[in-house]
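[1] Coordinates for the following, if possible.
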Amino acid sequence: MTAESVWESSTKALKALNVPVTGDNADSYLGIIMDKGIKQYASTVATKKVLLTLYNSADNFLSGTYKPYLKAYATLLNINLTIVEGDGQNEQACLDKFTNLDNYDAYAINLVRTNDGPSYTDLLKA
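    Okay, here's the model as predicted:
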């Protein structure tokens, strides 16, 4: 993250502050800059396997910013991250790859349509 993020150790939450990007601070948003507060926990956490779905592999924000940060933090926090990417149009593109669910400790689901949540929870219940 950038200097505009805050680590709350009491809740173990990394919060990004709502700060505008201007000509004066734009350089601080280039590349992946890890938050200093979270690094102290890097060696103290057990490895976890997480399955993540991204609704659209062609989305500039998801593929250009969000996914690289997720991968960087996953490495830092001992997360074995599996990313399933959809086409942005059809939920089935992600659901078809939402398999071997018993192999994961956690799931992070980025839906194509918000009303498709039951499709994932039904698979998780099975």
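[2] Could you pull up the contacting residues of Lys49?
    Ile79, Asn80, Thr82, Asn103, Tyr104, Asp105, Ala106 (C-beta atoms under 8 Å, 6 or more residues apart in numbering). Heads up, the C-betas are built off the backbone N, CA and C, glycines and all.
[3] got these as JSON lines, with distance to Gln89 columns?
    Formatted as JSON lines, these follow (distance: C-beta to C-beta, whole Å):
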{"residue": "Ile79", "distance to Gln89": "28"}
{"residue": "Asn80", "distance to Gln89": "29"}
{"residue": "Thr82", "distance to Gln89": "22"}
{"residue": "Asn103", "distance to Gln89": "28"}
{"residue": "Tyr104", "distance to Gln89": "25"}
{"residue": "Asp105", "distance to Gln89": "30"}
{"residue": "Ala106", "distance to Gln89": "26"}
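[4] Narrow these to just the buried residues.
    Neighbour counting over these (16 or more other C-beta atoms under 10 Å) leaves Ile79, Thr82 as the buried ones.
[5] out of the contacts of Lys49, which one sits closest to Leu30?
    Ile79 (24.4 Å; C-beta to C-beta).
[6] Identify the bridge partners of that closest one.
    Lys48 (DSSP bridges).
[7] mean confidence for the helix or strand containing Gly117?
    For Gly117, the host element (DSSP states H and E) is helix 117-125. In this model, helix 117-125 carries a mean pLDDT of 93.
[8] name the helices or strands packed onto that helix?
    Judged by 3 or more C-beta pairs under 8 Å, 6 or more residues apart in numbering; DSSP states H and E, helix 117-125 is in contact with helix 92-95, strand 106-109.
[9] May I see the buried residues of stretch 60-76?
    The neighbour-count check on stretch 60-76 (16+ other C-beta under 10 Å) flags Leu62, Lys67, Leu70, Tyr73, Ala74, Leu76 as buried.
[10] Give me the subset of those lying in helices.
    Applying DSSP state H to the buried residues of stretch 60-76, the entries found in helices are Lys67, Leu70, Tyr73, Ala74, Leu76.
[11] now, which of those sits nearest Thr121?
    Of these, the one sitting nearest to Thr121 (C-beta to C-beta) turns out to be Leu70, at 22.2 Å.
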